[in-house]
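Enquirer: return a 3D structure for these sequence lines:
(3 chains)
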Amino acid sequence: MIASTLSQLSMRAEDALLPVAIALPVGAMLLALCLGGRWTERIAVAFMPIGVSIAGAVAYVVWRDQRPLVYFIGGWAPPLGVAIRADGVAAAMLLTSALIASAAGLFACDVFRVKPGEKENRAHLGFWTLLLAIWAALNCVFVGWDLFSIYVGLEMLTFAAVPLVCLKGQKETFVAAMRYLLFALLGSVLYLLGATLVYAAYGSLDIGILAQKIQPEAAAWIALGAMTAGLLAKTALFPLHIWLPPAHAGAAPPASAILSALVVKGSFFVVVRLWLTLAPVQMSEAPAELLAILGSVAIFAGSVLALRQERLKLMIAYSTVAQIGYLFLMFPLAIGQHPWASAAWSGGALQAISHAFAKAAMFLSAGLIVDVVGHDRLSGLRGLGRLAPQPVLIFALAGMSLMGLPPSGGFNAKWLLMSASVQSGHWALALVMAVGGLLTAAYLYRVIAPALAPAENAPAESASTPTPKASSRGAALSLALALAAILLGFAPPELASLLAVGAPAATIERIE
Amino acid sequence: MNAVTLAGLAGAALIGMGLFGLVTHSHILRKIVAFNVIGSGVFLLFGAVARRGAASGLNADPVPQALVITGIVVAFSATALAVALLLRYFKEVGSPFLADDPGAGASQPDHERP
Amino acid sequence: MNDAALALSTFAYGPQTLAAALGAPLVLMLACASARLRRFGPAYLVVAPLFALAACVLASDSGPLVLDQMIYPIVLVLDPPGALLLGVTSLLWLAAGIFAASSMRDETESGAFVAFWLATLVGNIGVFMAADVASFYLFFALVSLPAYGLIVAQARMADSAGGLYVSVALLGEAFLILAFALLASATPDHSLLISDGVDALPASPWRDATIGLLIAGFGTKIGLLPLHVWMPSTYRAAPVAAAAVLSGGAVNAGVIGLVRFFPWGHAVPVWGEALVVLGMSAAFYGVAIGLTQRNPKTMLAYSSISQMGLVAATLGAGLVAGNKGAAAGAALYAAHHGLAKGGLFLAVGVLSGCGTLRMRRLTPFVGLLALSLAGLPFSGGVIAKLAIKQPLGDGLLGALSTLSAIATTLLMLHFLRRVAALAEPRVSNPGWALITPMFAMIAASIMAPTAYYFAIENHRLVSLDAALFWESLWPILVGALIAAAARRWLERLPALPEGDVGAFAARPFGLFARGGAAADRGEIILRRWPVAAGALMVVAIMISGMGVLKP
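Expert: Reported below is the predicted structural model:
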C-alpha cells in the first residue's frame, strides 16, 4: 500500500491549482472580514480576476491533458489522506461559478457599495464576504473527492447562502431565510448520517475507493438514500422546493442571481457524483428513474406555478424550480456503458451551465426592470420595451436559452438529452422536455408580450416625471451573461471534449 | 451486548427522537434543539464506528474522531447561525413559529419603490 | 468533401455568397442596437434581401459551405428547389421591404420592428439553405418566433392574434425537435445531415412517428387542417408588409421542410393518404370559410389555407406513390403562390388608401394577380397548376384540383369586390413607392415560374398548347359565372368568426386554469412544515427502500 501511495505522490505543479482554488477565496473572505469598510468591496473585486484565472487554468489543463487534476492534501494519498480532484465537469462548473459570481458581484457594486460619507452597515460588509464564502464553498464542493470534505463545503455553502437571502432586512425575507435554514439543516444532518453509515460499512469516504468497494446491500442503500434526500432538500427538487421561491425572489437581484444560478447546482453536483460516479450501475438504475420522475413533476409543477405568479421575481424563482427538474432528467440516461450515456452526461452538464448563465442574467435583468418601473408586478409591464429596451432584450435572450430555442446552450443541452432519451427508449422523457419547453415559453410570454406591446398612457406620464434609467454597467453585465448562455449554442467541440473528461464511462475504464 | 453496540443503538435512538422532534415541533427553538439532538446521535454513531475500527483494522480508528470534531464545529456554527437568525426573526415577525399557515402569504415580497 | 464539391461549383465563391446572404441581415440587425444607426432602418429593409437574391443566382448548385468550428457543424447548400424558393422569397422580402419603408416610417425608424423583420428574414433565407438538422431548426425558429414582433407592431391592445400565432408556432417547434431527434437517432452515426437522416428514415424503427411529427410540425407553418387556426387572425392583425412576407415567404419554410425531410422514392401510404385527405379538405374548407369573411386580409388568409392544402395534397400524393416529382412540383406551386399572395397583400395595402378613380385603374392588375392563383392562362399560375398536374394524376385528385380552381376563382372575385369597397373618394392616392412593389410582384409571379419551368426543368413549350389553354380557362369561366350568379347570396352570407374552429381551442385553457388552481392549493399544503419535512423523510425512505426491499 505504501508503495502505491508513493507512486501516486508524483504530483505535478498544475495539480496545486486545486487547493489554491479553495484556499484563496477563503483567505480573501477572512481578509475582507477583518479589514471591513470599503475594503470588503475592494478585496472582493480584486479577487475576481484571480478567481476566474484559476478556474480558467484548471479547465485548460484538464482539457489539454484529457485527464482529471488530482491533488493529495499534505502529500498523503487515500485511503490515508484526502484527495481533491477536478474532472471535466467539475472544471467547467468552477469556471461557470467564477464567471457568474464575478458578474453578479460587479453588478452589486451599485447596490452594496459604501457611499462616501455613509456609514458601513451589515449589508455592505455581509454581501462581499458572503460572496467570497459562496465562491470558496462551491469550489470546495466541485473539486471535493471525499464525502466529508464535500459535507464541509455544502455546510459552508448553506451558511453563506442563508444570510444572503435576508440581507435586505425586510420581514418577509427573514421568514424565507428561516425556512431555508431549517430545511437545509435537516438536509445536511441526513447527509452526515449517510456519510457515517458509508464509513461504517466500507471504511473510507474517498469517492474513488468507494466506487470500487460499494455493493448493493442494505447499508449502502440506506446511506445513499439518506444522503440523496438531504441533497435534494438543498437542491429544491420537487416536492422539496417550497423554501426556494420566497428565498430566491426576496433577495436583492445579484444575490438572487447567485442563489438561483449557482448555489442549487452545488448540491445537485453531489447527487450526480453519488449516483453516476460512486454507486454501481445495477444499484443506480431504479433510483435514477425515481429522480427523473421527480424531475418531470418538477418541470410541470414549477412551470404551472410560474404561470400563476403575479410577480416577476417569484415567477423567475418558480422557473428555477422547473429548470432544476430538467437537470434530473439526465440520471436514467447517463448511467451505464451505453452509447448514449456520454451524450446524456454532456447534456446534463451543459443544462446546468447554461441554466446558470441564463438564470443569472434573468434575475439581474429583473433587477433592472424593477429599477425602471419601480415595482415587479407582471400586470404593470406594458410598454416596457419602449421604456427600457435593454432589460427586455436581456430577459428575452435568457428566456431563449431556458426555452431551449436555438442558438443557445439550453438548446444544445435539450438536443443531447432528447437524443439520448430517444435512443435509450425513454420516450416519456423526450415528451416531458418538449412539453416543458412549451410551458416555459408560456410563462416567459407573460413578460415579453406586454413589454413589446405599445404603452397605454406612457407619453403623458413620462413627460411629467423623467423615468429612471437602468444602470448601463448593470445592463452590460447582465447582457454579457445572457450572451454567454446564447453563445454556448455555438460552443466549440473542445467544450464537449472537456466535459467528457472523467465522465462515468471513462471512470470505469480507468479503474479496470 | 457490548459497549459499541450500545453506543450505536443509543445514537440511533437519538437520531430518531431528534427527527421526530424536528418534524413535529412548531417552535423554531425546539427545532434547533432537535437538530442538535440528531447531530449528537450521528456523532455517537461515528464514535461507535471508530471503536469498531472500520478502516485500518486498528483497535480504534482515528479518522472518525477527526471527523467528529470537525462535525461538532460545523454543528456549533449552524446552531449559532440559526439562533442568531431566530432572534432577528422574532424581532421582525413577532412570533417564534414558522409562518406556514395557509393565510400567512408573507412570502410575496413587494418591491415597491419608496 | 468540401474541396471536391468546390471544384464542381460553377462559381468559385458560391458558398461564400450564402454566408453573405445570411450575414448581411444579421449585421444590419445588430446595427439596430445603436441609436445612431437605427435611423437608417428603412434602408436596411431594402438592402438586406439583395444579398440573398444574389446568392440564389451565384450559389445555385455550388458546393456546400461548412462551418465546423462548433459542436454541431453548420452545413449550408443550395439545391434547385431551394434556389427557386430562395429567389422568389428574397424578391418578395425586397418588395415588401420597400413597401414597409415607405408606409411605416415610425416603426421602421424605431429599431425593434426592423430587428424583428431582419431576424425573420434571416430565418426565412436560412431554411432554404440549411443542410443539417440543427441549423434548419435554428432558421425555422427564427422565421417563426421573431415574427411575433411584426404581427403586434400595429395591433390593438386586446388583440389575441399575436398570442395565438406564437402558441401555434411554439407547438410546431416542439413537434419538430422531437421529429429531428428521432431522425438523427435513426442514422448509424447520429449524423445531423438532413440527407443522411432522410436516407435512414425508411428503415428507421420510428419511421411513422417521425413522419407524423414532421407533418404536424411543418403543418403548423403551412396551416394544415386543423393547425390553421392562427392564420386568419395573424394576417389580419399584421401590418400589410408583414402579412405579405409571412403569407408569401415564411409559409414556404413549411413547404421546404416537407420537401426536404420526406423520404422521396419510398412509398409511405398511410401518412401520404392522410396528407392528401387533410390537404384536399383544406383546399375547399379554406374557400368556404373565406367566402363568409368581410376583411380582405382575412379572405386572403383563407385562400392561403386553401392553396397550401393543394400543396399538401400534392406532397401527400407523392408520398403515397414514392414519386420524387411531387416535391419539385409542390415547390414550384408554392413559389408562385408566395409571389402572388405577397403581391395581393401589398395590393390590399395599396388599394385601401386609394381614391375611386385610381382604384378602377389598378383593379384589373390586381385581378390578374388574384386569378393567377386559379391558373389563369398566360399567368404564372398556369405553370404552377401544370407542375402539380403530374403528381396529382388524372383521377379523382386531378378532378378535385380542377374543382378547387373554380372555388379559388369564386373566392378571388369575391375578394376583389370586397377590396373595391375599400375605395374612398377623398383619400390621397398612394405614391409610386407603394405601387411599384405590387407591380414588381405581378411581373415576378408571371416570369419567375415560367423561367424556372423552362430553364431548369427543360420542358417543352407545352403551355401554349391550345388544349391546355382551354383546360386552364374553363374553370375560371365557370367560377366567374357562379360568382356573378350568386353575388347577392354571397353578400348575405353570415360572417363566421375568424379562425373558425380556433374558438373551440380556448376550452382546454379553462381546464388548464383549473389545474393551476389545484397546483396553488398543493403548494399551500406543501408549505406546512410537517408536510415538507415529512416529504423529505418519504424521499429518503423511498430511495433506501428500493434496494433494501429488493430480494
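Enquirer: okay, now A:Glu285: neighbour count?
Expert: When neighbours are counted by other C-beta atoms under 10 Å in any protein chain shown, A:Glu285 registers 16. All C-beta atoms are positioned from the backbone trio N, CA, C, and that covers glycine.
Enquirer: so it touches A:Ile335, yeah?
Expert: Yes: contact criterion C-beta atoms under 8 Å: A:Glu285 and A:Ile335 qualify, at 6.4 Å.
Enquirer: now the element after the helix or strand harbouring A:Val372, going C-ward?
Expert: A:Val372 belongs to helix A:341-373 when assigned by DSSP states H and E. Sequence order places helix A:384-387 as the next helix or strand after helix A:341-373, per DSSP H and E.
Enquirer: chain neighbours aside, what residue packs nearest to the residue nearest the centre of chain B?
Expert: The centre of chain B sits closest to B:Phe35, judged by C-alpha atoms, centre = their mean, with a distance of 2.4 Å. Setting aside the residues directly before and after it, B:Phe35 is nearest to A:Leu185 in space (C-beta to C-beta, 6 or more residues apart in numbering or on different chains), at 5.1 Å.
Enquirer: my guess is C:Leu422 contacts C:Ser352, does it?
Expert: Yes: under the contact definition of C-beta under 8 Å, C:Leu422 touches C:Ser352, with a separation of 4.5 Å.
Enquirer: who has more neighbours, the two?
Expert: C:Ser352 (18 against 14).
Enquirer: for the helix or strand hosting C:Met412, buried residues please.
Expert: In this assignment (DSSP H and E), C:Met412 forms part of helix C:396-420. Using 16 or more other C-beta atoms under 10 Å in any protein chain shown as the test for burial, helix C:396-420 gives C:397-398, C:400-416, C:418-420.
Enquirer: thinking again about what came up before, overlap in contacts, C:Leu422 and C:Ser352.
Expert: Residues touching both C:Leu422 and C:Ser352 (C-beta atoms under 8 Å, 6 or more residues apart in numbering or on different chains) are C:Pro296.
Enquirer: quick one on the thing from earlier: ok now the helix holding C:Met412, how far from the chain's centre?
Expert: Here helix C:396-420 is found 20 Å from its chain centre; the criterion is C-alpha atoms, centre = their mean, to the nearest Å.
Enquirer: try stretch C:274-281
Expert: A distance of 18 Å separates the centroid of the chain from that of stretch C:274-281, by C-alpha atoms, centre = their mean.
Enquirer: then stretch A:432-439?
Expert: The chain centre lies 21 Å from the centre of stretch A:432-439; the measure is C-alpha atoms, centre = their mean.
Enquirer: what do you get for stretch A:375-392?
Expert: The answer for stretch A:375-392 is 27 Å, by C-alpha atoms, centre = their mean.
Enquirer: next one: stretch C:431-448
Expert: 20 Å.
Enquirer: how about it: buried residues?
Expert: For stretch C:431-448, burial by neighbour count (16+ other C-beta under 10 Å) applies to C:434-442, C:444-446, C:448.
Enquirer: in helices, which of those residues appear?
Expert: Counting by DSSP state H, the part of the buried residues of stretch C:431-448 found in helices is C:434-442, C:444-446, C:448.
Enquirer: now the residue of the stretch 451-551 of chain C found nearest chain B. Nearest residue, chain neighbours left out?
Expert: Residue of the stretch 451-551 of chain C nearest chain B, by C-beta to the nearest C-beta: C:Ala533 (4.3 Å). Distances taken as C-beta to C-beta, 6+ apart place B:Val23 nearest to C:Ala533, at 4.3 Å, with adjacent residues excluded.
Enquirer: and that neighbour, what pLDDT?
Expert: Looking at B:Val23, its pLDDT is 87.
Enquirer: okay, the buried residues of stretch C:431-448 in CSV with distance to C:Leu30 and pLDDT next?
Expert: Below are these laid out as CSV (distance: C-beta to C-beta, whole Å; pLDDT from 0 to 100):
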residue, distance to C:Leu30, pLDDT
C:Leu434, 29, 81
C:Ile435, 33, 83
C:Thr436, 29, 85
C:Pro437, 26, 86
C:Met438, 31, 85
C:Phe439, 33, 86
C:Ala440, 29, 87
C:Met441, 30, 85
C:Ile442, 35, 86
C:Ala444, 30, 86
C:Ser445, 34, 84
C:Ile446, 37, 84
C:Ala448, 31, 82
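Enquirer: tell me which two of these sit farthest apart.
Expert: Greatest spatial distance in the buried residues of stretch C:431-448: C:Leu434 and C:Ala448, 21.7 Å, computed using C-beta to C-beta.
Enquirer: re the thing from before, shouldn't the residue nearest to C:Ala533 be within a helix?
Expert: Yes: secondary structure of B:Val23 (DSSP: H, G, I helix; E, B strand; the rest coil): part of a helix.
Enquirer: what is the burial count for it?
Expert: 18.
Enquirer: what's the answer for B:Ile69, then?
Expert: Neighbours of B:Ile69 under the rule other C-beta under 10 Å: 11.
Enquirer: show me the strands in chain C, by range?
Expert: Secondary structure of chain C (DSSP state E): strands at C:65-67, C:74-76.
Enquirer: okay, C:Ser9: pLDDT?
Expert: The predicted local confidence for C:Ser9 is 44.
Enquirer: any part of stretch A:28-39 near chain B?
Expert: No: contact of stretch A:28-39 with chain B (C-beta under 8 Å from any C-beta of the partner chain) is absent, the minimum separation being 14.4 Å.
Enquirer: run the chain-centre distance for that stretch.
Expert: Remark: stretch A:28-39 is offset 26 Å from the chain centroid, using C-alpha atoms, centre = their mean.
Enquirer: cool, and stretch C:310-329?
Expert: What separates the centre of stretch C:310-329 from the centre of its chain is 17 Å, taken as C-alpha atoms, centre = their mean.
Enquirer: show the average pLDDT along that stretch.
Expert: pLDDT averaged over stretch C:310-329 gives 88.
Enquirer: same check, this time on stretch B:30-48
Expert: 92.
Enquirer: from the chain's centre, how far out does stretch C:330-345 sit?
Expert: Computed by C-alpha atoms, centre = their mean, the chain-centroid distance of stretch C:330-345 equals 10 Å.
Enquirer: may I see the buried residues of that stretch?
Expert: Buried, per 16+ other C-beta under 10 Å, within stretch C:330-345: C:330-345.
Enquirer: which of the residues you listed are close to chain B?
Expert: Among the buried residues of stretch C:330-345, no residue lies close to chain B (C-beta under 8 Å from any C-beta).
Enquirer: so which of these is the closest to chain B?
Expert: Closest to chain B, out of all of the buried residues of stretch C:330-345 and judged by C-beta to the nearest C-beta, is C:Phe345, at 44.7 Å.
Enquirer: next, count neighbours for the residue nearest to B:Phe35.
Expert: Counted with other C-beta under 10 Å, residues neighbouring A:Leu185 total 28.
Enquirer: before we move on, the earlier item: gap between the helix or strand the residue nearest to the centre of chain B falls within and the chain center?
Expert: Taking DSSP H and E as the definition, B:Phe35 sits inside helix B:28-52. Centroid separation between helix B:28-52 and its chain, computed with C-alpha atoms, centre = their mean, is 7 Å.
Enquirer: between the helix or strand just after it and helix B:28-52, how big is the angle?
Expert: Downstream of helix B:28-52, the first helix or strand assigned by DSSP H and E is helix B:62-93. When axes from the mean of the first three to the mean of the last three C-alpha atoms, to 10 degrees is applied, the directions of helix B:62-93 and helix B:28-52 differ by 180 degrees.
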